[in-house]
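Enquirer: My questions are about this predicted structure, shown below with the sequence.
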Amino acid sequence: MSRPNLLFIMSDDHAAHAISAYSGGRINKTPQLDRIASAGMRFDACFCTNSICTPSRAAVLTGTYNHVNGVTTLDTPMDNRLQTYPKLMQVAGYQTAVFGKWHLGHGPRHDPKGFEEWAVLPNQGEYHDPEFLYPDGPRTIEGYVTDIITAMSLDWLDRRDQERPFALMVHHKAPHRHWEPDAKHAAMYENEMIPEPHTFWDEGATRSAAAQAAKLHMMDLVEADLKAPVPEGLTPEEEVSWRYQRYIKDYLRCVASIDDNVGRLLDYLDDHDLTDDTIVVYTSDQGFFLGDHGWFDKRFMYEESLAMPLLMRFPNEIEAGTVCEAMVLNVDFAPTFLDLCGLPIPDHMQGASFRPLVGGERPDGWQESMYYRYWMHRDSAHNVPAHYGVRTMRHKLIYFYNDPLGQPGAHEPIDPPEWELYDLEADPFEIENIYQRPEGARLIGELEAELARLQSAVGDEPHIA
Ligand code: CA
């Protein structure tokens, strides 16, 4: 039986609202990514279970939550003896490779496993003339990182055994901080102003004290982010807006290079008659604040950070131009990829295959709520507090337990726990925490019970203050 190929493209910190298939082009255009959406399916409720690079990547690879795979923070590299979908695909006869960002640790216990070939950036890696780690050591390659990762991928496709299916992971570094564009896109948006988001001036007055203390504001951007001195004579508000323009333009320039390079991969599939037999997936390890609430970065359980973009094309099974509103999670990716490739899903994987959803069917009892946990309490640069919570299709309850719990990379102090509650229908931008309000009080019991049910179902334990 012939099996489909898998082309899994994952970028780093690319928010769905910086893809025109999602945003309608409000701040940028991504014609190549939109090709995947128009020929396939756009997922509108795809969420990560921990909005930070290393943990989300581990969840994607293993199909398990971070308290199970042990990758809770940026300082907990993944043990490469864990079972992953690439290992299972390789054993089943797939040719497998990963190029680009790994960020799950290095060395004999953490290097990529389950790949016939790999070349990965050390930790975050560099944008320009980056060093790559190969199984036999490091090598520096001249050029721009997004172009290089694509060139490596295309070269591998050219050299592959055409008699066997392939599973290729193209993992871009971009558009991760510090958002360094290539020369080709450096002048994009030069004479334009990117619109500020609806919530740009949100002061977060009803949020928890811990959330208000996060260092994600435009004023927290550093020189390496801005790449120019702040002009003299600006009012405080003008400086905030100036900083946003500096940040968002470089971010979108990095995205433009990803878009071009995704186009190169899609063209390759077309030119080599591979389009019909290849599952193409585009995602990012989490979302990102694009000035939303006045912030950059991620980590929080708020929508812009929680949501992952997910576009999938597979002409044999996915109807063109479709949208899936059912909830899918990063832990569901591994079981879904295995399922789409006709391989068994190991029992220990905690996610569920959403193959029925890509076929347009919604199984009875499909998940309508999800469990989230961010462990890296007050990491030194961003000061985002530890929290867990539940998101249903309508509400979100967040418990800021405000405790590092001895987690690597998490820091004191321990503060009293705080709660937030949002009604995503009445308040989709999460401006108004209604935990203390009468309409919120009526919901708390039910949401707390759902949170406890999910936490127990995935095998995590409640924080006791
Ligand atoms: Ca990331």
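Expert: Cool, the structure landed.
Enquirer: need the residues of this structure near the ion, please.
Expert: Taking C-beta under 5 Å from the ion, the part of the chain that reaches the ion is made up of 12-13, 53, 285. Yep, even glycine has a C-beta here, placed from its N, CA and C like the rest.
Enquirer: And the residues you listed, which is closest to Asp332?
Expert: The shortest gap between Asp332 and any of those belongs to Asp285, at 14.5 Å (C-beta to C-beta).
Enquirer: The closest one contacts Cys53, doesn't it?
Expert: Yes - with contact taken as C-beta atoms under 8 Å, Asp285 and Cys53 are classed as touching, separated by 5.4 Å.
Enquirer: Looking at those two, which is more packed in?
Expert: Each of Asp285 and Cys53 has its neighbours counted (other C-beta atoms under 10 Å); Asp285 has more, 28 against 21.
Enquirer: Once you drop chain neighbours, what's closest to the more buried one?
Expert: Take Asp285 and drop its neighbours on the chain: the residue closest to it by C-beta to C-beta, 6 or more residues apart in numbering is Ser56, 4.2 Å away.
Enquirer: which outside residues touch stretch 405-415?
Expert: Counting by C-beta atoms under 8 Å, 6 or more residues apart in numbering, the neighbours of stretch 405-415 from elsewhere in the structure are 72-76, 209-210, 375-380, 385-386, 402-404, 463.
Enquirer: circling back: ok, the residue nearest to Asp285 touching Phe47?
Expert: No - between Ser56 and Phe47 there is no contact under C-beta under 8 Å: 10.2 Å.
Enquirer: what do those two both touch?
Expert: Contact criterion C-beta under 8 Å, 6+ apart; residues bridging Ser56 and Phe47 by contacting each: 308, 330.
Enquirer: what sits against the closest residue in space to Ala307 that isn't next to it in sequence?
Expert: In space, Ala307 comes closest to Gly287 once its chain neighbours are excluded; the distance is 4.6 Å by C-beta to C-beta, 6+ apart. Applying C-beta under 8 Å, 6+ apart to Gly287 gives the contacts 15-16, 48, 51, 298, 303-309.
Enquirer: List the residues that contact the residue in the stretch 201-350 of the chain that the ion sits nearest to.
Expert: Of all residues in the stretch 201-350 of the chain, Asp285 sits closest to the ion, at 4.1 Å by C-beta to the ion. Contacts for Asp285 were tallied using C-beta under 8 Å, 6+ apart; they are 10-13, 48, 53, 56-57, 60, 308, 330.
Enquirer: what does the domain assignment say about this protein?
Expert: In terms of domains, the chain is parsed into 5-182+244-364, 370-458 (source: automatic domain parsing).
Enquirer: quick one on the thing from earlier: ok, the residue nearest to Asp285 to Arg453 distance?
Expert: 23 Å (C-beta to C-beta, to the nearest Å).
Enquirer: quick one, which of those two is more surrounded?
Expert: Higher neighbour count among Ser56 and Arg453: Ser56, with 26 against 13, using other C-beta under 10 Å.
Enquirer: which element is the more buried one on?
Expert: Assigned by DSSP states H and E, Ser56 belongs to helix 53-62.
Enquirer: Could you list the residues in contact with the next helix or strand after that helix?
Expert: Downstream of helix 53-62, the next assigned helix or strand under DSSP H and E is helix 66-69. Contacts of helix 66-69 from elsewhere in the structure, counted by C-beta under 8 Å, 6+ apart, are 49-50, 55, 58-59, 62, 72, 78, 82, 350, 373, 375, 458-461.
Enquirer: Looking at these, which are in helices?
Expert: With helices identified by DSSP state H, the entries of those that belong to them are 55, 58-59, 62.
Enquirer: any chance of the residues you listed in a markdown table, with pLDDT too?
Expert: As requested, the ones in helices among the contacts of helix 66-69 are exported to a markdown table (pLDDT from 0 to 100):
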| residue | pLDDT |
| --- | --- |
| Pro55 | 98 |
| Ala58 | 98 |
| Ala59 | 98 |
| Thr62 | 98 |
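Enquirer: Can you convert the residues you listed into CSV and add a column each for neighbour count?
Expert: What follows is the ones in helices among the contacts of helix 66-69, written out as CSV (neighbours: other C-beta atoms under 10 Å):
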residue, neighbour count
Pro55, 30
Ala58, 31
Ala59, 27
Thr62, 28
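Enquirer: Can you tell me which of those residues is nearest the ion?
Expert: Lowest distance from the ion to those (C-beta to the ion) belongs to Pro55, with 9.6 Å.
Enquirer: so which residue of the stretch 1-150 of the chain comes closest to the ion?
Expert: As assessed by C-beta to the ion, the ion sits closest to Cys53 within the stretch 1-150 of the chain, at 3.6 Å.
Enquirer: Assess the claim that that residue and His103 are in contact.
Expert: Yes - applying C-beta under 8 Å as the test, Cys53 and His103 come out as touching, 5.2 Å apart.
Enquirer: just to revisit the earlier point, hey, what's in contact with both of Asp285 and Cys53?
Expert: Common contact partners of Asp285 and Cys53 (C-beta under 8 Å, 6+ apart): 12-13.
Enquirer: So Phe99: helix, strand or coil?
Expert: Following DSSP: H, G, I helix; E, B strand; the rest coil, Phe99 is assigned to strand.
Enquirer: scratch that, Ile414
Expert: Under three-state DSSP, Ile414 falls in the coil class.
Enquirer: Can you work out which residues contact both of Cys53 and His103?
Expert: The contact sets of Cys53 and His103 overlap at Asp12 (C-beta under 8 Å, 6+ apart).
Enquirer: Name the residues that touch stretch 436-443?
Expert: Contact with stretch 436-443 is made by 395, 397, 421, 423, 433-434, as judged by C-beta under 8 Å, 6+ apart.
Enquirer: Now for Lys113, how many residues are close by?
Expert: Around Lys113 there are 17 other residues, counting by other C-beta under 10 Å.
Enquirer: who touches the residue lying closest to it once chain neighbours are set aside in this structure?
Expert: For Lys113, the nearest residue in space outside its immediate sequence neighbours is Asn80; the separation is 4.3 Å by C-beta to C-beta, 6+ apart. When contacts are counted by C-beta under 8 Å, 6+ apart, Asn80 is found next to 104, 109-113.
Enquirer: ok, 7 Å please
Expert: Neighbour list for Asn80: 109-111, 113 [criterion: C-beta atoms under 7 Å, 6 or more residues apart in numbering].
Enquirer: Okay, and Tyr282 sits in which element?
Expert: Under the assignment given by DSSP H and E, the secondary-structure element containing Tyr282 is strand 278-284.
Enquirer: which residues are contacting the helix or strand following that strand?
Expert: Following strand 278-284 in sequence order, the next helix or strand is helix 303-306 (DSSP H and E). Residues outside helix 303-306 that contact it (C-beta under 7 Å, 6+ apart) are 15, 17, 47-48, 51, 286-289, 292, 298-299, 372, 391, 430.
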